[in-house]
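Engineer: build me a structure from this.
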Amino acid sequence: MTAEPIAIEEPELDPVDAALALYGGDARATIAAALDMLQFVRGQLALTEAAMCNGFTRGFRPVYEPD
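Structural biologist: Predicted coordinates for the structure are as follows:
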């Protein structure tokens, strides 16, 4: 006798709703936190770019703004 796998349905999580929930629905606080995180990630990207050599990345250079 083999056991049948049980299908578990997980609700799909909306990232916007989840971010707003973190700040109690305060859109301004959510946007401010997202901008702070963006600034942090850009700083980390700049540090990484400065620390890596062209040979390692085969000429790849990160882009800071989307096309």
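Engineer: and stretch 6-20, how far out from the chain's middle?
Structural biologist: Here stretch 6-20 is found 16 Å from its chain centre; the criterion is CA atoms, centre = their mean, to the nearest Å.
Engineer: give me the contact list for that stretch.
Structural biologist: Contacts of stretch 6-20 with the rest of the structure, by CB atoms under 8 Å, 6 or more residues apart in numbering, involve 26-27, 30, 33-34. No exception for glycine: its C-beta is placed from N, CA and C like everyone else's.
Engineer: just checking, which of those belong to helices?
Structural biologist: Among the contacts of stretch 6-20, the members falling in helices are 27, 30, 33-34 (criterion: DSSP state H).
Engineer: returning to what we had before: need the contacts of stretch 6-20 in JSON lines (columns: distance to T2 and pLDDT).
Structural biologist: JSON lines is the format used below for the contacts of stretch 6-20 (distance: CB to CB, whole Å; pLDDT from 0 to 100):
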{"residue": "D26", "distance to T2": "51", "pLDDT": "96"}
{"residue": "A27", "distance to T2": "51", "pLDDT": "96"}
{"residue": "T30", "distance to T2": "48", "pLDDT": "97"}
{"residue": "A33", "distance to T2": "49", "pLDDT": "97"}
{"residue": "A34", "distance to T2": "48", "pLDDT": "96"}
